[in-house]
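Engineer: Predicted model, plus sequence, below.
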Amino acid sequence: MEILFRTEIQKFMLAKLLLTLLCVMTCLYAGCVVNPLTGADEFMLFPPEQDVEIGKAYSVEVEKQLGGRIENDALQEYITAVGRKMASISHRADIEYHFTALNDESVNAFALPGGYIFITKGLLEKFRTEAQLAAILSHEIVHVVARDTANTMSKDIGTSLLLVVAIMANVSQGAVTAGQVTQQIIGLRYSREDEREADLGGLTYMVRAGYDPSAMVEVMQTLQSLNDERPPEFFATHPSPLNRLTYIERRIKQRYAGVSGLRVGKEEYERAVLSQLKSAKRPSAPSR
């Protein structure tokens, strides 16, 4: 009975500590910031300079949980080059972006705060052109620019508490672990408005970088075909493509109907990504 009583007191004290830390963080940092894409004021618990700290701190854990980096420097450099084309003309070109392809077989792509963007092998294998890769990376770049992850974390009390403790107490083991925080961040769901903004903002970025906008439609169609078979991990945090195709196609018709000669990059993607992934799967020849 005494042990149980002590446990309950400890739980109460921990909850009180977490609440106190959250209140302190809120008083120190919370406020409204302007979304550079929409011009709207948005509530943020975490200051912009902390985005990079959070992204850097948890990018290592993301790699660990999702099979590690694909060990192919040429492939990683290619994906980084495609991503940086769009990042360089984004509303936050001052950020140092990091693009990483992960070994995980799931179909997914996501961004951490501060410019850390990830795409899985499972999703890379579904694409057929460089423009399709550009479409998904530009979508994630917008999430970084708009600070959608930081905004969503600010509204998610559970995730905010974990991050407050991890940041202020530098905890890596025990009640709060890097793995717990990473799972919370990866599992965050953006609002439908955030996703619409990422789709349309991403469309703008990819066209400015010289890519064919129809690739965004192709990506949505590919994801929808996967959803019809078995919903991939991508849909745990993203709305259905069917609800997004209409406004994407409308935007292309309104703004880019007369545009031609933009980059598709089928051969380049086959050579730099698909053939590299196939080669990695081939069993090595037996030694003689």
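Structural biologist: In hand now; what should we look at? Numbering: from 1, shown residues only.
Engineer: how deep is the spatially closest residue to Ile95 that is not a sequence neighbour tucked in, by neighbour count?
Structural biologist: Nearest residue to Ile95 in three dimensions, chain neighbours excluded: Gly115, at 4.3 Å (CB to CB, 6 or more residues apart in numbering). Heads up, the C-betas are built off the backbone N, CA and C, glycines and all. Gly115: 25 surrounding residues under other CB atoms under 10 Å.
Engineer: And for Ala150?
Structural biologist: Neighbour tally, Ala150, other CB under 10 Å: 25.
Engineer: And it, which helix or strand is it part of?
Structural biologist: Element membership of Ala150 [criterion: DSSP states H and E] is helix 148-155.
Engineer: OK, contacts around the residue nearest to Ile95?
Structural biologist: For Gly115, the contacting residues are Asp51, Val52, Gly55, Ala87, Arg92, Ile95, Glu96, Tyr97, His98, Val144, by CB atoms under 8 Å, 6 or more residues apart in numbering.
Engineer: worst-scoring helix or strand of this protein, pLDDT-wise?
Structural biologist: helix 2-29 (a mean of 45; mean pLDDT, DSSP states H and E).
Engineer: what's the distance between Val259 and Asp94?
Structural biologist: From Val259 over to Asp94 the distance is 28 Å, taken as CB to CB, to the nearest Å.
Engineer: Compare those two (neighbour count), which wins?
Structural biologist: Val259 (11 against 7).
Engineer: element containing the nearest residue to the more buried one once chain neighbours are set aside?
Structural biologist: In space, and not counting its chain neighbours, Val259 is closest to Val207: 7.1 Å by CB to CB, 6+ apart. Per DSSP H and E: Val207 is located in helix 192-208.
Engineer: what mean pLDDT does that helix have?
Structural biologist: Averaged across helix 192-208, the pLDDT comes to 94.
Engineer: And stretch 132-140, by the same measure?
Structural biologist: Rounded mean pLDDT across stretch 132-140 is 97.
Engineer: Outside of it itself, list whatever touches it.
Structural biologist: Against stretch 132-140 from outside (CB under 8 Å, 6+ apart): 79, 82-83, 85-86, 99, 109-111, 117, 119, 123-124, 127, 198-199, 201-203, 205-206, 209, 211, 215-216, 218-219, 222, 269, 273.
Engineer: hmm, 6 Å instead?
Structural biologist: Contact partners of stretch 132-140, identified using CB atoms under 6 Å, 6 or more residues apart in numbering, comprise 82-83, 86, 109, 111, 117, 127, 198, 202, 205-206, 211, 215-216, 218-219.
Engineer: farthest pair in the residues you listed?
Structural biologist: Between any two of the contacts of stretch 132-140, the greatest separation by CB to CB is 21.2 Å, found for Ala111 and Glu218.
Engineer: Wait, Ser59 touches Tyr116, no?
Structural biologist: Yes: with contact defined as CB atoms under 6 Å, Ser59 reaches Tyr116; the gap is 4.6 Å.
Engineer: Neighbour count for the two, which is higher?
Structural biologist: When Ser59 and Tyr116 are compared on other CB under 10 Å, the one with more neighbours turns out to be Tyr116, at 27 against 19.
Engineer: Isn't the more buried one up against Gly55?
Structural biologist: Yes: contact status for Tyr116 versus Gly55: in contact at 3.9 Å, counting by CB under 6 Å.
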